[in-house]
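> I would like the atomic coordinates for the input below:
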Amino acid sequence: MTSIVKDNEEEEEKSMKLAMDSLSNRGQHATIPATSYFLDYLKAISSKFHPTNNPDGYIPLCVAENKLCEEELKELFNISINDNSTSSLESFRIDNKTIKDIWYYNNMKGVDKFREKMAELFKISLNLTIDINDNHLCCMNGTGTIVENLAWNLCNEADGVLIPAPYYPAFDNDMTVRSNLTLIPCQMLEPNSTKLNFTDVPLRNAYERCMSHGALPKILLITNPHNPTGIVMSKDDILLAIKFAFFHGMHLVSDEIYARSVYDENVDNNQFKFISALTVIDDLDDNDDIKKWANTHLHIIWGFSKDFCVSGFRIGVLHSKNQALHCALVSISNSFE
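Residues are numbered from 1 along each chain as shown. Now for the predicted structure:
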C-alpha cells in the first residue's frame, strides 16, 4: 500500500511539473499566491469550526465578511420571491447552505455547487459523451476574461497567437491590451464559400510569419462554430488543429461559445453538426501522445452569452486539465477581491 501511495505521489508530482512547464514565466509566478494568508484561508474554510461536529476546526479571521445582515437579507430575498408567485423562481429558497456558498468567500474558481451543475450543462451543451470533472472547470465573468487570462498565463510578453481569419475582432483586445501578444491571422475562408479552407499550409505560413516577427507561437486559437461566418468545423478540421498545436508544442484554445447555436440534429447535413475538441481528443487511442499533451495544452471555452442570450450575466467557463493553470487563475482571481 505504501508503495502504491508513493507511486501516486510521484505521478502527481510529475504531472504538476509538466503543467507548470506549459505556463509562461508570469503564469508560473502567478501560481504562488501573493496574499500571504490565502492558502491558510482555503484550509480554514474547508474545515470550519463547529462546537459539536468539528470542535478542532478553524475560525477564519482574515477576511472582511458582513454576517450581521444575514437573516434580514434571507428574509427579504424570500419575501420578494413569494410576492411574485407566477415567477419560475418561486421554488427557489435561500437556505443556509446556499447562503454560505454565494454570500461569503468561497472557491475562487466558482462556487462548488455551481461548478457541479455547470459540469452537467457543459456536457449537454457541447454534446459530449464523457463526464466532466468539475475540478477541471473555472468560472469567470465572461469568456473575454477567460481569453485574456489564458493569454497572460500561457504566453510571455510578445509571444505569438495564430488565429484563423476572419476572426472575432475583440480577440485583439483580449490578447494585446494587457498581455501584449502578437496576433497572426491565418486566412482560412475561401471566397463565396460556406466552408473553411482549414489546411496545414495557411497554418504553417502563419507560424513562419510569426517567427519572422520575432514572436514565438504559443497559442492556436480557434472558434467553433466560427465567428463571424457561422461555419461549423468538421472533425477533420479540429483534428488538424490539434495535431498542428501538438507537433509545434503550442496550446490549443477552442472557443466553443456558439456550441448550441447550430441547426438541430434532424438536419441531415454533417457540415452543421457541432463537435467539440474534447470529443475529438476522447476518440483518440489512450496511448496516443496527443492525449497526454491535451492534459496540459487543450483549453475549452464556453459561456452563457450567446446560446442563452444573457450576455449581461457575465458567466464564462473554462475547461482545462492543467492544474498549474488553475492555481494561477485562482491566485489572480484572489488579487481582484
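> for stretch 213-228, which positions count as buried?
By neighbour count on 16 or more other C-beta atoms under 10 Å, the buried set for stretch 213-228 is 215, 217-227. To be clear about C-beta, it is placed using only N, CA and C from the backbone, and glycine gets the same treatment.
> which of those sit farthest apart?
Using C-beta to C-beta, the pair of these lying farthest apart is Ala215 and Pro225, separated by 28.0 Å.
> hang on, the earlier thing: sort out for me which of the buried residues of stretch 213-228 are in helices.
Judged by DSSP state H, helices contain none of those.
> How about the secondary structure of Lys123?
Look at Lys123: counting by DSSP: H, G, I helix; E, B strand; the rest coil, its state is helix.
> does the nearest residue to it once chain neighbours are set aside count as helix, strand or coil?
The shortest distance from Lys123 to any non-neighbouring residue, by C-beta to C-beta, 6 or more residues apart in numbering, is to Ile132 (5.1 Å). At Ile132 the chain is in coil, as set by three-state DSSP.
> Phi and psi next, for Ile132.
Backbone torsions of Ile132, given as degrees, to the nearest 10, read phi -100, psi 130.
> which residues touch it?
Ile132 makes contact with 119-120, 122-123, 319, according to C-beta atoms under 8 Å, 6 or more residues apart in numbering.
> Mark which of these are buried, thanks.
Buried subset of the contacts of Ile132 (neighbour count, 16+ other C-beta under 10 Å): 119, 122-123, 319.
> of all those, which comes closest to Asp159?
Set against Asp159, the nearest of the buried ones among the contacts of Ile132 by C-beta to C-beta is His319 (22.5 Å).
> How about the contacts made by that closest one?
Neighbours of His319 in contact, by C-beta under 8 Å, 6+ apart: 122, 132, 136-137, 278, 299-302.
> Can you tell me the SS state at the residue lying closest to Leu298 once chain neighbours are set aside?
Closest residue in space to Leu298, ignoring its immediate chain neighbours: Leu252 at 5.4 Å, by C-beta to C-beta, 6+ apart. Assigned with three-state DSSP, Leu252 falls in the strand class.
> ranges for the helices of the stretch 151-300 of the chain?
Secondary structure of the stretch 151-300 of the chain (DSSP state H, counting those that start in this stretch): helices at 170-176, 200-212, 235-247, 277-282, 289-297.
> Run through who's touching the fourth one.
In this case it means helix 277-282. Here helix 277-282 has contacts from 126-130, 222, 224, 235, 238-239, 241-242, 252, 254, 256, 290-291, 294, 298, 300, 319, using C-beta under 8 Å, 6+ apart.
> ChimeraX command for the buried members of these?
A single ChimeraX command is used to select the members of the contacts of helix 277-282 judged buried by 16+ other C-beta under 10 Å:
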select :126,127,128,222,224,238,239,241,242,252,254,256,290,291,294,298,300,319
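> could the helices of the stretch 151-300 of the chain go into JSON lines alongside mean pLDDT and distance to His50?
Shown next, in JSON lines, are the helices of the stretch 151-300 of the chain (pLDDT from 0 to 100; distance: least, C-beta to C-beta, whole Å):
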{"stretch": "helix 170-176", "mean pLDDT": "89", "distance to His50": "44"}
{"stretch": "helix 200-212", "mean pLDDT": "94", "distance to His50": "56"}
{"stretch": "helix 235-247", "mean pLDDT": "96", "distance to His50": "48"}
{"stretch": "helix 277-282", "mean pLDDT": "96", "distance to His50": "40"}
{"stretch": "helix 289-297", "mean pLDDT": "95", "distance to His50": "38"}
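> and these as a markdown table, adding distance to Thr31?
Below are these laid out as a markdown table (distance: least, C-beta to C-beta, whole Å):
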| stretch | distance to Thr31 |
| --- | --- |
| helix 170-176 | 21 |
| helix 200-212 | 27 |
| helix 235-247 | 23 |
| helix 277-282 | 24 |
| helix 289-297 | 13 |
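> what residue ranges in the stretch 1-150 of the chain score low on pLDDT?
Applying pLDDT under 70 to the stretch 1-150 of the chain flags the ranges 1-7, 33-38, 63-70, 73-74, 76-107.
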